[in-house]
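K.L.:
Task: produce atomic coordinates for the following.
(2 chains, ligands or ions: 2)
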Amino acid sequence: MAASPDLIEREAALQGLGVSRLRKEDARFIRGQGTFIDDIKLPGMLFGAMVRSPYAHARIKSINKDKALAMPGVTAVLVADDLRPLGLHWMPTIGGDTQAVLADEKVCFQMQEVAMVIASDRYTAADAADMVEVEYEELPAIVDPHKAMDDDAPIIREDIADKDEVSHGPRTHPNHIFTWEAGDKDATDAVFDNAAVTVKEEILNPRVHPCPIETCGCVASFDKVTGQLTVNVTSQVPHLFRTVLAMLSGIPESKIRVISGDIGGGFGNKVPIYPGYVIAVVASIVTGLPIKWIESRIENISTTGFARDYHGIGELAADKDGRIKALRFFALADHGAFNSHVSATKLPAGLFSICTGSYDIPTAYCRVDAVYTNKAPGGVAYRCSLRVTEAVYLIERMIDILALKVGVDKAEIRRRNFIKEDMFPYNTSLGWTVDSGSYHNALDKVLKAVDYEGLLKEQAEKRANGELMGIGISTFTEIVGAGPTKVCDILGIGLFDSCEIRVNPTGSAIARFGTMSQGQGHATTYAQIIATELGLPSDEIQIEEGDTDTAPYGAGTWGSRSTPVGGAAAALAARKIRAKAQKIAAHLLEVGEADLEWEIDRFKVKGNPTQTKTMKEIAMVAHTGDLPEGMQQGLDASEYYDPPNLTFPFGAYVCVVDIDRFTGETKVRRFYALDDCGTRINPMIIEGQIHGGLTEAFAVAFGQEIPFDENGNHLGNSLMDYFIPTSFETPHWETDETVTPSPHHPIGAKGVAESPHVGGIPCFSNAVVDAFAHLGVTHMDMPHSAYRVWQQCKALGIDKHADT
Amino acid sequence: MANKHTVSFKLNGNDVDVVVEARELLIHTLRERLATTGPHIGCETTHCGACTVDLDGASVKSCTVLTVQCQDAEVLTIEGLEQNGELHALQEGFTQEHGLQCGYCTPGMITRAYRLLQENPNPSEEDIRYWMAGNLCRCTGYQNIVKAVQFAAEKLSSAQA
Ligand code: FES
Ligand code: FES
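P.N.:
Numbers count the residues shown, from 1 in each chain, chains lettered A, B, ... in the order given. Ligands and ions are numbered 1, 2, ... in the order given. Model (predicted):
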């Protein structure tokens, strides 16, 4: 039955779930009126500039502040000894370790924080930072994580050298952080011993950086009279940030206000708590004046929040037809000098154990060893839930390698191993319950859309002509929405999230969340969820997040958790309000609650459709005395949502590349991305997130890497060297979808922004490697820059023109 | 104060005078002294384009221009594009086509696209991608930025027809 025009009109007026509603937040940004951290200017504000170590590993012999302090405009030069009396020269990290706020007698990575100069303006501060004289005694550095646990390796962290444990189980070497494993080792080994086919490959995820266009920064402002500390900061996790500050400083949480304003992209870079923030806070407490600290780009890439640096070994065991019988993955994780990576306490290797992917793999074992090196510590994530990119990269590369070995087409081998639709919810051999999926369907849809058969034919012809054409497939499963508090906590705080909604008498509303947008469009999409649940227009629902004084507590926005957790809280809070509204409607219409049914924006009496009460009418009545016996005024609710499980978005991607064998240049001819993120809240925003994620995947696959020399010197930490794709080289993206709602999420949504990054990277790599597959190549490490691809051509002797 | 210079220029149509050291960069003068915080800083090394402004009819990265070079110049920033309460077609295009996410690159993008449309009112997709290559965006993947510029080009040319 077609809906009546009236219903369609009422539905459209809500601009709710499923509508490509334009973004509410755009109005200020297109006018240049966003309020980003560096836009904040407070009376009397001073600037901090960091003095950083030129060495990756060195003892500090002396620090002389005199010349800097003598400069006009310089207020203070803070070093570790100044913070020591306050106990603030070290701080806890989100990874359960401690980190030097300012280097305490030694430095452990290049550009480590040694001192902060506080001065009247940014120019004076930078000048004075140059005048701080630090004398170092250089020590041998460890750059290669494979050498970190050698017997004669220099000890990086003398402060914890004799500790048997740094929060994640026993350590076997002073440079060892933890060893974590999942699955059944003996059973897996047994399957491998008897398998018809096994494959093994070393697979690297190089050190990269999320590099949002806005760097990190803060303005700390301590009021000496009231004892109130206000910190404006680029934080994806304002509430956790405040809790850590309270733990660290002893200031009651009620006297700390953390405000995350507009954030210029995060991608994981803005989750950890950095020394610069803490020093700015201390400087403000000491001076009683607001202190601004803003990273330069080079500081950002060098010192805050790197990702990956995962040195993997993948192994699969299969029968002769390519049906996978067991998986065995190892990874050596380079965490840098401090373990400040973001991770749930019980999951030090994050969600790496999702590495069985979209496949029904009966037996599996994986192990991760994390070590210290003389490199910057990091947040580890870059547009992915913790370690999911590494996991998905491994399985999606390995299944291609297996396909080559058994001589089965790479689409067909995936079909043979997919978890079938009737197997969901599916328990993986590494302990996850994948909530839902429809993998065959998604892959078939994509192969048809790109004419896979036609591509294979074309490729065969090109190969016969000596040309290099590659077809990459990736059929990934993500794991997002951390997470159930029984498995996921950070520093003891469970990863629930929250929403508070208050409906005003005239039917508009405000809703506040514990999450924090950095461009994802929460002000738009959360309002759409609430609009559909409450029958109130999304235009009149105001969304706020990021101010700890007003927003309810939550674990912030990272790991695609906003929709799975915050979005669920929104729907459930709205449902509580609707339940109260139903009682009011029953009272007004003088019927029982059960006699009412909900229709878009109102309750109506069953069988008597003229008898109705709209949500707007009810909102007004909720603020009068005409209420059911004993009911209080007001129409509001809050929800703290602890998800029963994570959500598992998935996708099927195809990438087609043409490679110039004489130059190594790769052209992405086509990229077709089908994503299934369950219920779709705003298709326009979803598509935008996918474009962005694919572009970041392209960046990682084709150019991003943070290289070091053997002494731990950075070899590429500015935008001159670090690859950010421009509009010119970024491919055109084609997007598509299937919709498999999450069975346990109140509206069936799963989270989407990270899928294209996680699923995109292996798809690019698979395409590049596939271009060489007929020449016996099974793997090439990222990034696939022209130079590196050309080296492959050269090694194969195909880089020369016939007549030269 | 030693070594300060008075510099006068037009900012978004208004006369301004500032007293600056010779080394002060235009982006800092705009942001710190003239409350013009639309142009942003993403690198200070001429790579990201977040600081793009229009200087005497050319796009410049204002982190790479000294304020003392701006004597008598006409500077246009994102703040100067809205006229009499009416958005520029580009500002409208960026919203309509979802050409922004975090919004940090947006002022520089729009200001750059403004110059493009001044020079080439009917750019092809390839023209747009080439012209905008000095402005980095980490969020959008550029595809919708291209569409936003096309939206504006169409709107402006149909307004003229
Ligand atoms: S700040 Fe000027 S180009 Fe990046
Ligand atoms: S919209 Fe975030 S950098 Fe462009």
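K.L.:
the longest helix in chain B is where?
P.N.:
helix B:143-160 (DSSP state H).
K.L.:
How far does it sit from its chain's centre?
P.N.:
Here helix B:143-160 is found 17 Å from its chain centre; the criterion is CA atoms, centre = their mean, to the nearest Å.
K.L.:
Ok, stretch A:531-548 next?
P.N.:
Distance, centroid of stretch A:531-548 to centroid of chain: 24 Å (CA atoms, centre = their mean).
K.L.:
how much space is there between the most centrally placed residue in chain B and chain A?
P.N.:
Residue closest to the mean C-alpha point of chain B, counted by CA atoms, centre = their mean, is B:T111 at 2.9 Å. Taking CB to the nearest CB, to the nearest Å as the measure, B:T111 falls 9 Å from chain A. For the C-beta atoms, the positions are set from N, CA and C on the backbone; glycine is no exception.
K.L.:
Give me the secondary structure label for that residue.
P.N.:
What DSSP: H, G, I helix; E, B strand; the rest coil gives for B:T111 is helix.
K.L.:
Contact partners for it?
P.N.:
Residues in contact with B:T111 (CB atoms under 8 Å, 6 or more residues apart in numbering or on different chains) are B:P39, B:T52, B:V53, B:D54, B:S59, B:L76, B:T77, B:I78, B:L81.
K.L.:
Can you tell me the element A:F222 falls in?
P.N.:
Per DSSP states H and E, A:F222 falls inside strand A:217-223.
K.L.:
Strand partners (parallel or antiparallel) of that strand?
P.N.:
strand A:228-233 (antiparallel), strand A:291-294 (antiparallel) (DSSP bridges).
K.L.:
now those as TSV including mean pLDDT and mean neighbour count?
P.N.:
Shown next, in TSV, are these (pLDDT from 0 to 100; neighbours: other CB atoms under 10 Å in any protein chain shown):
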stretch	mean pLDDT	mean neighbour count
strand A:228-233	98	23
strand A:291-294	98	26
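K.L.:
mind giving me a markdown table with the ones you listed and columns for distance to ligand 2?
P.N.:
Converted to a markdown table, the strands paired with strand A:217-223 look like this (distance: least, CB to the nearest ligand atom, whole Å):
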| stretch | distance to ligand 2 |
| --- | --- |
| strand A:228-233 | 18 |
| strand A:291-294 | 17 |
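K.L.:
quick one, phi/psi of A:I490?
P.N.:
phi -120, psi 120 (degrees, to the nearest 10).
K.L.:
isn't it right next to A:I94, touching?
P.N.:
Yes. Applying CB atoms under 8 Å, one finds A:I490 in contact with A:I94, separated by 5.8 Å.
K.L.:
shared neighbours of the two, which are they?
P.N.:
Shared contacts of A:I490 and A:I94, defined by CB under 8 Å, 6+ apart, comprise A:L240, A:V342, A:S343.
K.L.:
which of these lies closest to ligand 2?
P.N.:
Ranked by distance to ligand 2 (CB to the nearest ligand atom), the shared contacts of A:I490 and A:I94 are led by A:V342 at 21.2 Å.
K.L.:
what's the burial count for that closest one?
P.N.:
The number of residues packed near A:V342 is 25, by other CB atoms under 10 Å in any protein chain shown.
K.L.:
May I have the secondary structure class of it?
P.N.:
Taking three-state DSSP, the label given to A:V342 is coil.
K.L.:
Per the annotation, how does the chain divide into domains?
P.N.:
Looking at chain A here, since you left the chain open. A:5-34+A:497-641, A:37-139+A:215-263+A:270-303, A:306-482+A:645-796 (automatic domain parsing).
K.L.:
Hmm, no, I was thinking of chain B.
P.N.:
Per the record, chain B has its domains at B:4-79, B:89-160, by automatic domain parsing.
K.L.:
want to throw those domains into a markdown table with mean pLDDT and distance to A:M398?
P.N.:
Converted to a markdown table, the domains of chain B look like this (pLDDT from 0 to 100; distance: least, CB to CB, whole Å):
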| stretch | mean pLDDT | distance to A:M398 |
| --- | --- | --- |
| domain B:4-79 | 98 | 37 |
| domain B:89-160 | 97 | 28 |
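K.L.:
What's the nearest residue in chain B when you look at chain A?
P.N.:
Of all residues in chain B, B:G38 sits closest to chain A, at 2.2 Å by CB to the nearest CB.
K.L.:
Look up which helix or strand that residue falls in, please.
P.N.:
Assessed by DSSP H and E, B:G38 sits outside every helix and strand.
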